[in-house]
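In: here is a sequence with its predicted model. Questions after.
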Amino acid sequence: MALTLPPIPQSLKTIQHYLKTASEHEGRDPIVTYWCRLYALQNALKIDKKSEDARILLVALMDWLEKQKQLLSDNEAITNDVAAQAHLENYALKLFTWADSQDRAAVFNKNVVKAFYTAGMLMDVLTTFGEHTDEIARNCKYAKWKAAYIHNCLKNGETPIPGPMDSDKENDFLNNFTDNAPQPNIGFQVPPSNFTQNISGPSIPPAKPENVSPQNITPAPQFNTNFTSYPSQDTTSVTSNAKLDPALTAKAQKYCKFAGSALNYDDIPEAINNLEKALRLLKTGQDT
């Protein structure tokens, strides 16, 4: 069953493309869906974790990720960062290679734009495991530029120029192209599941998972929200006559989840702040 998330607040609009990519692969590739949503959550926590709308979205993502990790606990590409990186990199490069072959053959349509754009999104997600190699960084920027370029040409009734630019112009353009460039916003159709069967690989070598070195990978943060203790407080002496309704109980649980998330990012003041809110609510029944 597809996940229905709360509305994305304006402060977190930059993560919507990754959430859309996740939704498009739900049911087709749960690994892509999982890591795209985790990447979106990680970035959202860096942007806005204080506004109420952002918190509602973050909790929904945390809950889904926790459940999926348990549900897919036997899937190595969920539990093992090396396997996950290999899976995402292989898929991103297949998309990139297919789109590149279509582009060089002067085949321009929404699926080509979509393949380039999704490849760029997935290459962004690869930073979950560490910094890009020079090749991936260049391919990521090129894929996003090609997606925007072909999309704009089609939108304006122009014929795109196939293949890369002249090498000097391309280097200048890519160096000045940023992730803030206009992004395609049209109703894409995901390429068919067998779209890579006849790929000839015109310029990008296939991914080689065996070359992925574990020591070069930074483990993804684990969102363990089951926070069970507060070391500076003697819980045996805490008493409360407050009667909490289900809504307040859920709010206390939410504060504990935010505290656990803050600890994952070594944000001790934020963790303490959320734990104090939870304790105050449990003691007094008031959320202040």
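Out: Great, that's in hand.

In: where does the stretch 51-200 of the chain have low pLDDT?
Out: Residue ranges of the stretch 51-200 of the chain with pLDDT under 70: 166-200.

In: go again with 50.
Out: Applying pLDDT under 50 to the stretch 51-200 of the chain picks out residues 178-200.

In: helices along that one, start to end?
Out: 52-71, 76-79, 81-104, 110-125, 134-155, 167-176 (DSSP state H, counting those that start in this stretch).

In: nearest to residue 39, of those helices?
Out: With C-beta to C-beta as the measure, helix 110-125 is the member of the helices of the stretch 51-200 of the chain nearest residue 39 (4.5 Å). Any C-beta I mention is one placed from the backbone N, CA and C, and that applies to glycine too.

In: mind listing what's buried in the closest one?
Out: 110-125 (16 or more other C-beta atoms under 10 Å).

In: just stretch 57-76 next, same as before
Out: Neighbour counts using 16+ other C-beta under 10 Å place 57-62, 64-66, 68-69, 75 of stretch 57-76 among the buried residues.

In: could you dump those residues into a markdown table and include distance to residue 243?
Out: Below are the buried residues of stretch 57-76 laid out as a markdown table (distance: C-beta to C-beta, whole Å):
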| residue | distance to residue 243 |
| --- | --- |
| 57 | 30 |
| 58 | 28 |
| 59 | 24 |
| 60 | 27 |
| 61 | 31 |
| 62 | 27 |
| 64 | 31 |
| 65 | 32 |
| 66 | 28 |
| 68 | 34 |
| 69 | 34 |
| 75 | 43 |
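
In: for residue 50, pull up the helix or strand it's in.
Out: For residue 50, there is no host helix or strand (DSSP states H and E).

In: tell me how many other residues surround it.
Out: Neighbours of residue 50 under the rule other C-beta atoms under 10 Å: 10.
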